[in-house]
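Student: Sequence isn't available, so here's the structure alone:
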């Protein structure tokens, strides 16, 4: 046991990060629980594009496992990776169904995206983008992600539903919405008593309570053999076409700024940014994301990205790559125990996501609200993430507003050159 503890300490520098093996393991379980839904949702979405559910399930688990392990050992950060929501919908409903392209065409675009990102990571392009984001907007990204992830939790549970004019309150006295509220109360009480692993305990307790409510259903079997994934299922005849360029551009744009936003936002909340406001080992973290996307395409899934649900593990105290190792290990187990993991209802994880939204709000106190050239871009960053249902769009509005207001008020010295370039690219993006 002591030998194992020594390995963990040497590999992940737990004491330097003020954490323990127990805390990291709990954090890893919590992160996995809040993002395990992707194992069911991603094969379902790509299944609409004509892909095999079992093969995509295996690809999703493998890509998540590999990417998260690389994040753990290369960057020593408590972040998990999986096929990104939104990107998988673009893959299925826009590229395959809307444009009439084959799944192989879409997988080829994802594969090329991954290769381009590997090159960009080696040349520090994405790291430079992170460093070009103003400090106030970095704080705003954390807050915006908090609202975004809380909104996801509320929507997943049915507490908030689509309505007139846009969204409205669901039926909170029954079904999944009621179960999520029960979970919210359990988690809140545990947090008030400062119980370690409060979010994880609440997820397990809510899952159990869901049985008599008819929401959680016990699987007919616990163990299942994994289905072989796709393998290098690409098509090269259209790689120089305008359609491929358009699809590739969207994959690149959304993945870059979703990942950048998640890394910045969660690192800000965890107090992990360096003194000059940089994400530690950002290059390695972004390389993990790029390799995972490439590997995911080879196995047959859409773009892999750093998950905002990693904030749940950070909220439980996760600070090192050991959190990611645990999460990755659970993705590996899911290959053989998929019925057990898939039985966890979204209502059980909703309470954790809602409270993580609360935890992510704390950097709002670091935003300068006295200078409107700082406050307005920060506010737009915050509010556009949940309303546009996109981390990347929040960053777009924040950066464009920042540059526009600084230029209009002649505060040119506040704007790094790369931030100018980003603002121009974002404006061009609106017209494409």
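Tutor: That came in fine, so what should we check first? As the structure is a prediction and not an experimental result, all values here were calculated from the model.

Student: For the spatially most central residue of the chain, give its distance to residue 85.
Tutor: The chain has residue 307 as the residue nearest its centroid, 1.9 Å off, counting by CA atoms, centre = their mean. Distance, residue 307 to residue 85, by CB to CB, to the nearest Å: 9 Å. No exception for glycine: its C-beta is placed from N, CA and C like everyone else's.

Student: hey, what's in contact with both of those two?
Tutor: residue 38 (CB atoms under 8 Å, 6 or more residues apart in numbering).

Student: before we move on, back to that, show me what contacts the residue nearest to the centre of the chain?
Tutor: Counted by CB under 8 Å, 6+ apart, residue 307 has contacts 31, 35, 38, 79, 80, 81, 82, 84, 262.

Student: One more: residue 90?
Tutor: Taking CB under 8 Å, 6+ apart, one finds 250, 251, 254 in contact with residue 90.

Student: Tell me if it really is in a strand.
Tutor: No - secondary structure of residue 90 (DSSP: H, G, I helix; E, B strand; the rest coil): helix, not part of a strand.

Student: how near is it to residue 196?
Tutor: Distance, residue 90 to residue 196, by CB to CB: 39 Å.

Student: ditto for residue 371
Tutor: Using CB to CB, one obtains 40 Å as the distance from residue 371 to residue 196.

Student: Over to residue 424?
Tutor: With CB to CB as the criterion, residue 424 and residue 196 are 48 Å apart.

Student: Could you measure from residue 348 over to residue 37?
Tutor: 10 Å.

Student: which of those two has more neighbours?
Tutor: Set side by side, residue 348 and residue 37 show more neighbours around residue 348, with 29 against 19, by other CB atoms under 10 Å.

Student: show me the contacts for that one.
Tutor: Neighbours of residue 348 in contact, by CB under 8 Å, 6+ apart: 33, 179, 180, 183, 203, 204, 206, 207, 210, 216.

Student: Report the secondary structure state of it.
Tutor: Look at residue 348: counting by three-state DSSP, its state is helix.

Student: confidence score at it?
Tutor: Residue 348 carries a pLDDT value of 86.

Student: Then residue 5?
Tutor: pLDDT, residue 5: 65.

Student: Make sure residue 82 is indeed in a helix.
Tutor: No - Residue 82 is assigned strand when assessed by three-state DSSP, not a helix.

Student: JSON lines for the contacts of residue 90, including neighbour count and pLDDT?
Tutor: Output for those, formatted as JSON lines (neighbours: other CB atoms under 10 Å; pLDDT from 0 to 100):
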{"residue": "250", "neighbour count": "18", "pLDDT": "75"}
{"residue": "251", "neighbour count": "26", "pLDDT": "83"}
{"residue": "254", "neighbour count": "21", "pLDDT": "74"}
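
Student: of these, closest to residue 151?
Tutor: Distance to residue 151, by CB to CB, is smallest for residue 254 among these, at 18.1 Å.

Student: Check which helices and strands whichever strand or helix holds the closest one is in contact with.
Tutor: Per DSSP states H and E: residue 254 is located in helix 242-269. If you count contacts as 3 or more CB pairs under 8 Å, 6 or more residues apart in numbering; DSSP states H and E, helix 242-269 packs onto helix 87-89, helix 103-122, helix 125-132, helix 135-157, helix 282-299, strand 304-306, helix 310-315, helix 391-408.

Student: Let me have those in CSV, extended by distance to residue 384, mean pLDDT and mean neighbour count.
Tutor: Below are the helices and strands packed on helix 242-269 laid out as CSV (distance: least, CB to CB, whole Å; pLDDT from 0 to 100; neighbours: other CB atoms under 10 Å):
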stretch, distance to residue 384, mean pLDDT, mean neighbour count
helix 87-89, 18, 82, 22
helix 103-122, 24, 92, 21
helix 125-132, 18, 79, 19
helix 135-157, 7, 86, 25
helix 282-299, 23, 93, 25
strand 304-306, 19, 90, 28
helix 310-315, 19, 87, 29
helix 391-408, 4, 91, 22
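
Student: Throw the ones you listed into JSON lines and include distance to residue 9, thanks.
Tutor: Output for those, formatted as JSON lines (distance: least, CB to CB, whole Å):
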{"stretch": "helix 87-89", "distance to residue 9": "37"}
{"stretch": "helix 103-122", "distance to residue 9": "28"}
{"stretch": "helix 125-132", "distance to residue 9": "28"}
{"stretch": "helix 135-157", "distance to residue 9": "29"}
{"stretch": "helix 282-299", "distance to residue 9": "20"}
{"stretch": "strand 304-306", "distance to residue 9": "25"}
{"stretch": "helix 310-315", "distance to residue 9": "19"}
{"stretch": "helix 391-408", "distance to residue 9": "34"}
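
Student: Show the low-confidence segments of this structure, by residue range.
Tutor: For the chain, residues meeting the criterion pLDDT under 70 lie at 1-5, 432.
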